[in-house]
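K.L.:
Everything below, folded, please.
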Amino acid sequence: MDIKIRRVSIEDLDSVSEVETRCFPEAEAATKSSIEQRIKTFPESFFVAEIDGIIIGFINGCVTNEMTIFDELFSDATLHIPNGDYQAIFGLDVISDYRKQGIAAQLMNHMIEVSRLNSRKGVILTCKDKLIHYYTKFGFKNKGISKSEHGGSVWYDMILEF
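P.N.:
So this is what the prediction gives:
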C-alpha cells in the first residue's frame, strides 16, 4: 500500500469532513465549518494521508504557547500562534477500513518531525484512557485528567517534550 502524506488544501475540505464524521461521535467531531477554518488558518500543521488520491486519514492542530489543550482551541482557530512553542493535535483520524496498518503512526511521526523542524518545544494532545498506551509509544507522557470537557468525555493531557 502506497501511502502519501501531504499538506492539506482547501480542495480537500469535503473529503476531510467526511473522514472526521466517520471517525468521531457527533458530539466530538469537528464541524465542516470548523475544519474549513483550520485549513485556512494552519495548513502548515494539517496533513492528510491518501491512497491513490483518496484521503483515508489526517492529523491536524494549531500551535500554542500552552502546555495543555483547552476547549476553546477546538472551536476558535484565531487562537493559533504561528510561532508558538507547542504543536497541538486536535485529531488523528483514519477511517476504519485502513486502521491497524500503521497509517496513524505515519501521520503522527510526520507531525512530530515537522514540529521538531519548526523548533517547537513539543507536541500536546488529549486522549481517552484507552489510548494513553498508544501515545506513550511515541514518547508522550500522561499528565493526568484534562480540564477539557470536549464532547462530554473524560480526556487525559499528553505531552511529548523535545
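K.L.:
Contact partners for N65?
P.N.:
With contact taken as CB atoms under 8 Å, 6 or more residues apart in numbering, N65 is in contact with 81, 84-86. Heads up, the C-betas are built off the backbone N, CA and C, glycines and all.
K.L.:
how about the strands of this structure, start to end?
P.N.:
For the chain, the strands defined by DSSP state E occupy 4-7, 46-51, 54-60, 63-64, 86-89, 91-94, 122-127, 141-145, 156-161.
K.L.:
from the ones you listed, which stretch is densest packed?
P.N.:
Neighbour counts (mean count of other CB atoms under 10 Å) averaged over each of the strands of the chain peak at strand 86-89, with a mean of 25.
K.L.:
what packs against that one?
P.N.:
strand 63-64, helix 103-117, strand 122-127 (3 or more CB pairs under 8 Å, 6 or more residues apart in numbering; DSSP states H and E).
K.L.:
Drop anything exposed from the contacts of N65.
P.N.:
84, 86 (16 or more other CB atoms under 10 Å).
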